[in-house]
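Q: The following block contains a protein sequence and its predicted model.
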Amino acid sequence: MLTFAVRNRVALIAAFVLLPRLAWFAMLGGSLPSPDRDQRFYLRLADSFAAGNGLSFSEETAWYKSVFREDSFVAENWSGESGYLFGVIPAGEPTAAIEPGYPLLLGLLFLLTGPVAGAVFMVNCAAALLGAWAVWKLVGTGWGEGAGITAALAWTVYPYFVYYTAYAMTDSLHISLLPVVIWLTVRASDTGRGGLLAGASSGILFLFRSTVLFIVPVQAAYLLIRRRWRAGAALIAAFAACCLPWVVRNQIELGAPILLPTKGSLNLWMRNNPEALEIEGQNLPDWIMDGLKRPELMAYPSMEGLETELERSTALSERAAEFMMANPVLITYLSARRFLEFMSPIGGTMGGLGPALVGFVTYLPLLAAALVETFRRRRDGRVLFMAAVFAAYAGMHSLSHGGVRYRLPVDTVLIILATLMLARRLRWKGAEDA
């Protein structure tokens, strides 16, 4: 069976990618799944780009959000002002609210297909093919073809990855591009060449999900520890070159060289605001609430006299930062809770009985195997690099977003390490301890 898989690896990987995703799309009846999450946010920007309006939100969208807003103090603040989305983004004007990669890619496909659910599916399936190929190359080159094809096939059918293929968000692209980043970085470390490709892959991923900015230092440190000085310098240069067009565009359109999306200020304010968390069902213990300092900073800041997206985003982020600095106990508590949510098989943005069962059946065994294999291969620089990427994701999301959804990209690391354990136990060629 393994010999057959190795000989027919390309066709087999393609089948394993497409068949479960086609089945999932058919089960949805060709529609996008619910709950909606942030799908409309990306779809509106993609549609705007396809219509020739660039990255901007229409005035109709702002009006709709203002009139049909939810009945909560958060929504009233960010939806109550006509002409602005979330109280920050001016309608009908160029925006840097979110990363440009996914809306642009989806918008380009909309030019050919129109704004249909199938376009979302096509983009995400193509990304899954790329991700599976990268897993195969990474593991197959380093630890043998048997382990490589096994890891790639396991990656393609991982239930969480299949699930997000039908969503019009950056999750599927993030999940698929991270294996490319890891593979190209390991390749640059092994050969001393390919730093430009490793940096470019990180830069492209950054344009889809800006929170991956923190893995660039991890990549650079890995290459420098391995004394791959030129590859490390090339990585940083290529990453900067990928980001440059986005920064220049923002300088021209918004008057400032913005690198990180302005909507990040809203996330910073909401994710550390007890009143906003309470609306999401995340209640804090009394001993935390009783010790809060400067509670007036929990209120949405006045935007009077602030007209531009950058001005409003800055005002919101400054207020959020002040509140966080005034309440270190709260932030420590939230960070610990988010870390547990990140590592948990349940909770956060993937709550419910179905995801919980999937987590216990698939994720927990992978985690246990990965921990064991990381310890056994602790002298293998490639394994330590992957473990460092996982740890960096866990640390960053402990400070921002908790929940299973944000861990999914680095579940790739668990799948690879669990495969290496299996290959070692079965004594597959090339999978012996480093």
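A: Cool, the structure landed. Fair warning: this is a prediction, and the values are worked out from it, not measured in the lab.

Q: okay, CA-based contacts and neighbour counts for the rest of this
A: Noted.

Q: Now do the buried residues in stretch 201-219.
A: 201-213, 215-216, 218-219 (16 or more other C-alpha atoms under 10 Å).

Q: Among those residues, which lie within helices?
A: S201, S202, G203, I204, L205, F206, I215, V216, V218, Q219 (DSSP state H).

Q: Now the fourth one: closest residue in space that isn't a chain neighbour?
A: Here the nearest residue to I204 in space, its sequence neighbours aside, is C242; by C-alpha to C-alpha, 6 or more residues apart in numbering that works out to 6.5 Å.

Q: what's the helix or strand for the one you found?
A: Taking DSSP states H and E as the criterion, the element that holds C242 is helix 229-254.

Q: next helix or strand past that helix?
A: Beyond helix 229-254 on the C-terminal side, the first helix or strand identified by DSSP H and E is helix 264-271.

Q: list the helices and strands the helix or strand where Y222 lies packs on?
A: If you go by DSSP H and E, Y222 is part of helix 215-225. Identification of packing neighbours for helix 215-225 by 3 or more C-alpha pairs under 8 Å, 6 or more residues apart in numbering; DSSP states H and E yields helix 171-191, helix 229-254, helix 381-398.

Q: swap the cut-off to 10 Å and go again
A: Under the contact definition 3 or more C-alpha pairs under 10 Å, 6 or more residues apart in numbering; DSSP states H and E, helix 215-225 sits against helix 171-191, helix 195-206, helix 229-254, helix 381-398.

Q: Show me what the mean pLDDT comes to for that helix.
A: The average pLDDT for helix 215-225 rounds to 96.

Q: Now do it against helix 171-191, angle only.
A: Interaxial angle, helix 215-225 versus helix 171-191 (axes from the mean of the first three to the mean of the last three C-alpha atoms, to 10 degrees): 10 degrees.

Q: Need the phi and psi values for the nearest residue to P100 once chain neighbours are set aside.
A: Spatial nearest neighbour of P100, chain neighbours left out: L207 (6.0 Å); criterion: C-alpha to C-alpha, 6+ apart. Taking degrees, to the nearest 10, you get phi -70, psi -10 for the backbone angles of L207.

Q: Hmm, L207 is touching L177, no?
A: No - counting by C-alpha atoms under 10 Å, L207 does not reach L177; the two are 11.2 Å apart.

Q: quick one, what contacts A15?
A: Residues near A15 by C-alpha atoms under 10 Å, 6 or more residues apart in numbering: R9, R21, L129, L153, T156.

Q: Now for the first one, how many residues are close by?
A: Around R9 there are 21 other residues, counting by other C-alpha atoms under 10 Å.

Q: surely it meets L153?
A: Yes - if you go by C-alpha under 10 Å, R9 and L153 touch, sitting 9.3 Å apart.

Q: Can you add distance to A394 and give the ones in helices among the buried residues of stretch 201-219 back as CSV?
A: Converted to CSV, those look like this (distance: C-alpha to C-alpha, whole Å):
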residue, distance to A394
S201, 21
S202, 18
G203, 21
I204, 21
L205, 18
F206, 17
I215, 12
V216, 15
V218, 13
Q219, 16
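
Q: Now the two most distant members of those.
A: Spanning the widest gap among these are I204 and V218, at 16.5 Å by C-alpha to C-alpha.

Q: Please verify my assumption that T262 contacts P90.
A: No - distance between T262 and P90: 11.8 Å, which falls outside the contact criterion (C-alpha under 10 Å).

Q: what residues do the two have in common as contacts?
A: E309, R312.

Q: For the stretch 51-200 of the chain, give me the ranges with low pLDDT.
A: Applying pLDDT under 70 to the stretch 51-200 of the chain flags residues 60-81.

Q: Tell me which stretches of it form helices.
A: 59-67, 73-79, 101-113, 117-143, 145-157, 159-164, 171-191, 195-206 (DSSP state H, counting those that start in this stretch).

Q: any chance of the ones you listed in CSV, plus distance to V410?
A: Shown next, in CSV, are the helices of the stretch 51-200 of the chain (distance: least, C-alpha to C-alpha, whole Å):
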stretch, distance to V410
helix 59-67, 34
helix 73-79, 32
helix 101-113, 20
helix 117-143, 12
helix 145-157, 11
helix 159-164, 11
helix 171-191, 8
helix 195-206, 14
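
Q: who wins for proximity to I13 among these?
A: Nearest to I13 among the helices of the stretch 51-200 of the chain is helix 145-157; the distance by C-alpha to C-alpha comes to 6.1 Å.

Q: Which other helices and strands does that closest one contact?
A: Partner elements for helix 145-157 (3+ C-alpha pairs under 10 Å, 6+ apart): helix 2-7, helix 9-27, helix 117-143, helix 159-164, helix 408-425.

Q: Compute the inter-axis angle for it and helix 171-191.
A: Using the same axes, to 10 degrees: helix 145-157 against helix 171-191 is 160 degrees.

Q: Export helix 145-157 to PDB, keeping only CA atoms.
A: C-alpha atoms of helix 145-157 as PDB (Å, rounded to 0.1, in the frame of the first residue of the first chain):
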ATOM      1  CA  GLU A 145       9.200   9.300   0.900                       C
ATOM      2  CA  GLY A 146       7.100   7.000   3.100                       C
ATOM      3  CA  ALA A 147       6.800   9.500   5.800                       C
ATOM      4  CA  GLY A 148       6.400  12.400   3.300                       C
ATOM      5  CA  ILE A 149       3.400  10.900   1.500                       C
ATOM      6  CA  THR A 150       1.800   9.800   4.900                       C
ATOM      7  CA  ALA A 151       2.100  13.300   6.400                       C
ATOM      8  CA  ALA A 152       0.700  14.900   3.200                       C
ATOM      9  CA  LEU A 153      -2.300  12.600   3.100                       C
ATOM     10  CA  ALA A 154      -3.000  13.000   6.800                       C
ATOM     11  CA  TRP A 155      -2.800  16.800   6.400                       C
ATOM     12  CA  THR A 156      -5.300  16.800   3.500                       C
ATOM     13  CA  VAL A 157      -8.000  15.000   5.400                       C
END
